[in-house]
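Engineer: I need the structure of the sequence given here:
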Amino acid sequence: MVRKLLITSALALAAVLLFGACKATDTAGGSAASQAASNKNAAAPAPGGGTSTVSADGARRVTPAELKQMLDNGTAALYDTRAKGAYDAEHIKGALSMPSNEVGDRTGELPKGKTLVFYCT
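Structural biologist: Residues are numbered from 1 along each chain as shown. As a prediction, this is how the structure comes out:
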């Protein structure tokens, strides 16, 4: 029971860090493309795809090309954290809807053994 509580707490903390990173992106006015290019140049590939570099806010970033590779390899699960209406209007192919205010209650749905990628706009 304690182990389950610790795992759930760890997943919830990871989700909070990822969602915070979503809002923290591009505060200096740079473009997403330039950020992706700098991440690509500064980071070594991690096992299973993506990068091994973790940003100052504790979240690991991936470029669109890295994400595509991870999804093609089956090593990542992609979640759209916007409101359900925004997801229904459009979303990245293969993404699942998990609004940010529901993540804490839905951690049991997150797959184990895959890199979890959350995005918002």
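Engineer: how near is residue 84 to residue 78?
Structural biologist: 16 Å (C-beta to C-beta, to the nearest Å). Using the backbone N, CA and C atoms, a C-beta is placed for each residue, glycine as well.
Engineer: next one: residue 118
Structural biologist: Look at residue 118 and residue 78: by C-beta to C-beta, they are 8 Å apart.
Engineer: could you do residue 104 as well?
Structural biologist: Distance of residue 104 to residue 78, computed by C-beta to C-beta: 19 Å.
Engineer: does anything pack onto the strand or helix carrying residue 68? Which helices or strands?
Structural biologist: Using DSSP states H and E, the secondary-structure element containing residue 68 is helix 64-73. Taking 3 or more C-beta pairs under 8 Å, 6 or more residues apart in numbering; DSSP states H and E as contact, the helices and strands that helix 64-73 lies on are helix 32-42, strand 76-80, strand 115-119.
Engineer: hmm, back to that, show me which of residue 104 and residue 78 is the more surrounded one.
Structural biologist: Higher neighbour count among residue 104 and residue 78: residue 78, with 20 against 14, using other C-beta atoms under 10 Å.
Engineer: got a list of what that one touches?
Structural biologist: 67, 71, 92, 94, 95, 96, 117, 119 (C-beta atoms under 8 Å, 6 or more residues apart in numbering).
Engineer: show me what it is bridged to.
Structural biologist: Using DSSP bridges, the bridge partners assigned to residue 78 are residue 117.
Engineer: okay, it: pLDDT?
Structural biologist: pLDDT recorded at residue 78 is 97.
Engineer: ok, and the closest non-adjacent residue to residue 91?
Structural biologist: Closest residue to residue 91 apart from its sequence neighbours, by C-beta to C-beta, 6 or more residues apart in numbering: residue 80 at 4.8 Å.
Engineer: need the contact list for the one you found.
Structural biologist: 86, 87, 91, 92, 95, 96, 97, 98, 119, 120.
Engineer: so how far is residue 69 from it?
Structural biologist: 19 Å.
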